[in-house]
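Asker: With the input below, show me the fold.
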Amino acid sequence: MDGLMMEFPLTIPVMLRRAETLFFDHEIVSRLPDRSLHRYTYADMASRTRQLAAVLRELGVQRGDRVATLCWNHYQHLEAYFAIPLIGAVLHTLNLRLSADDITYTINHAKDRIVIVDESLLPLFETIRQRVHVEHVIVIGTAASVPQGMLDYEQALANVTPNVCDDIELDEREAAVLCYTSGTTGRPKGVVYSHRAIVLHSLVTGLACTMGPTERDTVLVMVPMFHANAWGFPYTCTFVGAKQVMPGSFLDTASIAELLTDERVTQCSAVPTVWLNLLQYMDRNPGVCDLSHMRTLGTGGQAMPVEAIRRFNEDFGIQLTTGWGMTETGPFSTQGSLVEESVATDGAMQTSYLITCGRSLPLTELRLREDDVLVAWDGESVGELEVRGSTVASAYYRDATSSEKFTADGWLRTGDIASIDPHGQVDIRDRAKDAIKSGGEWISSIALENALMAHPAVSEAAVIAAQHPTWLERPIAVVALKDGASVTEQELLDMLAPDYAKWWLPEAIIFIPEIPKTSTGKFLKAGLREQYGSILLDRN
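Answerer: Below you'll find the predicted structure:
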């Protein structure tokens, strides 16, 4: 017996219509290249979105065609987020932090027909222009004239007759967005999000058990819009009507602190480096950043040091929470919070919950496996984390090797080594490729990194496996110090010694000015292993 409910499509146009109908006067704020702030409303955004959709149709964009963006976070990029899927085309966000070769590869692999590019990023695009096969280039900027053969974004919108674009009946399972992974282990892989997946992800991330933005919130969209849909915030905020603040290309800590203060931001999520830099900036400049209105502060991408979580809580009254996900998972799959069992415990116990990645979001399921055997949720046993759900990819775009990342029964193999406690709290112990096995015993690089970054002199720390003639692998630490701070290798080892077994302690600590990072802001451990992986062999 079938249900008798309407077949109402879960598509991106539904979210746009909701925003322009209910939240027409709510603000979207963008930092422009001249550092001034542009302000307009969701009603303005919806109108211009339909103008852009009409431009693309006049240029011959058909259903299923890919349209790329090479842009920072700003209001025109938000318009593209909606205009491209609105006409049944596929938004392809280009990660400007990838190498020129990888950007070229993703454009050609996706078979993009059009690229929308920021004027400030034209020099980057020009380095690859002769190697890609796009029909039109649309430039967002303020130049009096765009390069020959390219179209000016604002002029194109002004010269077109907009239409509502509601004549296209989209299937919720159609492709809406194409994102490529960061490509740290080979060529970037394409993940194709359906309209249905984006709507469901927006609904789930709008719940109170996640970040839960509402129309009363002001959200600083800090995560780059070219990376995993900015963790879904542009879509979620539009769906719920939250005020959005876009930083443009100004991602320095002083500019971020200014937006947090002046726009009275209530929610923001970013990789840990952003928040560590903010803490250091506020230490050097007391009173310069007002966080009194901040309701929720989130992080993800890699582990947040316990000391930073404690400081945000004790110094500013902000409960920082950690989420976990991948480009392949929509991207959020878990979100940290204080579960009922932890609310009445002491501060240390609450922090132990907050440093985990939290529990799986609704419509997502998790499991652990080790050697094809399911691992118990006891908080101690570890295995590779596997995930499935309504916002999880089932294959990579045009990739014959997709099957290697998926189990025979359809779960995504994440490559993360984790434990899960009886209440479902996920604790990521390591990336499978970053885990250290010394003399047959596992050592968590994440645990050592967190401990090292608790030292007041340490800004960043990455722990990697180095080859060893006896133990095959031993941990070494690569450490960057705060400006003007000093600490010795022995002092750091002495700090670690009371809390870790002797065989866990790093065999060496190497001091460098800054830890290299991937295109998404994570520590570039592959590069560190290449540079320092044989250092212990060289010493023997």
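Asker: Distance-wise, check L203 relative to Q335.
Answerer: According to Cβ to Cβ, to the nearest Å, L203 and Q335 sit 14 Å apart. Placement of C-beta: from N, CA and C, glycine included.
Asker: R31 too?
Answerer: According to Cβ to Cβ, R31 and Q335 sit 28 Å apart.
Asker: do Y235 as well
Answerer: Between Y235 and Q335 the computed distance is 16 Å (Cβ to Cβ).
Asker: So for these two, which sits in the more crowded spot?
Answerer: Remark: of Y235 and Q335, Y235 carries more neighbours, 27 against 24, as counted by other Cβ atoms under 10 Å.
Asker: isn't that one right up against M15?
Answerer: Yes - with contacts counted by Cβ atoms under 8 Å, Y235 reaches M15, the gap being 6.5 Å.
Asker: Quick one: neighbours of V478, just the number.
Answerer: Counted with other Cβ under 10 Å, residues neighbouring V478 total 24.
Asker: cool, L528 as well?
Answerer: Neighbours of L528 (other Cβ under 10 Å): 20.
Asker: What strand or helix carries it?
Answerer: helix 525-532 (DSSP states H and E).
Asker: now for that helix, which elements pack on it?
Answerer: Helices and strands touching helix 525-532, by 3 or more Cβ pairs under 8 Å, 6 or more residues apart in numbering; DSSP states H and E, are strand 458-468, strand 472-481.
Asker: Let me know the angle separating that helix from strand 458-468.
Answerer: 60 degrees (axes from the mean of the first three to the mean of the last three Cα atoms, to 10 degrees).
Asker: Please tell me how far the residue most central in space within the chain sits from G330.
Answerer: Compute the mean C-alpha point of the chain, and by Cα atoms, centre = their mean the closest residue is W231, 4.9 Å away. Separation of W231 from G330 (Cβ to Cβ) stands at 9 Å.
Asker: Same check on P9?
Answerer: Counting by Cβ to Cβ, the separation of P9 from G330 is 19 Å.
Asker: Tell me which of the two has more neighbours.
Answerer: A side-by-side neighbour count of P9 and G330, using other Cβ under 10 Å, places G330 first with 31 against 17.
Asker: which residues touch that one?
Answerer: Residues in contact with G330 (Cβ atoms under 8 Å, 6 or more residues apart in numbering) are 193, 197-198, 201, 232, 389, 391-392.
Asker: which of those residues tops the neighbour count?
Answerer: H201 leads the contacts of G330 on contacts (other Cβ under 10 Å) with 29 neighbours.
Asker: Quick check: Y40 vs L78, distance?
Answerer: 10 Å.
Asker: can you list residues touching both of the two?
Answerer: With Cβ under 8 Å, 6+ apart as the test, Y40 and L78 both reach I28.
Asker: More neighbours: which of those two?
Answerer: The neighbour comparison of Y40 against L78 (other Cβ under 10 Å) goes to L78, with 26 against 14.
Asker: In three-state terms, label the more buried one for me.
Answerer: helix (DSSP: H, G, I helix; E, B strand; the rest coil).
Asker: hang on, isn't it packed against I28?
Answerer: Yes - contact criterion Cβ under 8 Å: L78 and I28 qualify, at 6.7 Å.
Asker: where exactly do the strands run in the stretch 301-450 of the chain?
Answerer: 320-325, 332-335, 359-360, 364-370, 373-374, 383-389, 412-420, 426-431, 436-438, 441-443 (DSSP state E, counting those that start in this stretch).
Asker: Which of those strands comes out lowest on mean pLDDT?
Answerer: With a mean of 74, strand 441-443 has the lowest mean pLDDT of these.
Asker: contacting residues for the nearest residue to S381 once chain neighbours are set aside?
Answerer: Distances taken as Cβ to Cβ, 6 or more residues apart in numbering place V375 nearest to S381, at 4.8 Å, with adjacent residues excluded. With contact set as Cβ under 8 Å, 6+ apart, V375 has these partners: 367-369, 381-383, 419.
Asker: Now, of these, which are buried?
Answerer: By neighbour count, with 16 or more other Cβ atoms under 10 Å, the contacts of V375 hold 367-368, 382-383, 419 as buried.
Asker: And the contacts of stretch 140-149?
Answerer: With Cβ under 8 Å, 6+ apart as the test, stretch 140-149 has contacts from 33-34, 71, 74, 76-77, 116-120, 122, 137, 139, 152-154.
Asker: again, 7 Å this time
Answerer: 33, 71, 76, 116, 118-119, 139, 152-153 (Cβ atoms under 7 Å, 6 or more residues apart in numbering).
Asker: Could you list which of the residues you listed belong to helices?
Answerer: Within the contacts of stretch 140-149, residues falling in helices by DSSP state H are 76, 153.
Asker: quick check, nearest of the contacts of stretch 140-149 to A447?
Answerer: Taking Cβ to Cβ as the measure, A447 sits nearest to C71 out of the contacts of stretch 140-149, at 37.8 Å.
Asker: unless I'm mixing things up, the closest one is touching D118, no?
Answerer: Yes - between C71 and D118 there is a contact at 4.9 Å, judged by Cβ atoms under 7 Å.
Asker: thinking again about what came up before, and the average pLDDT for the helix holding L528 is what?
Answerer: 87.
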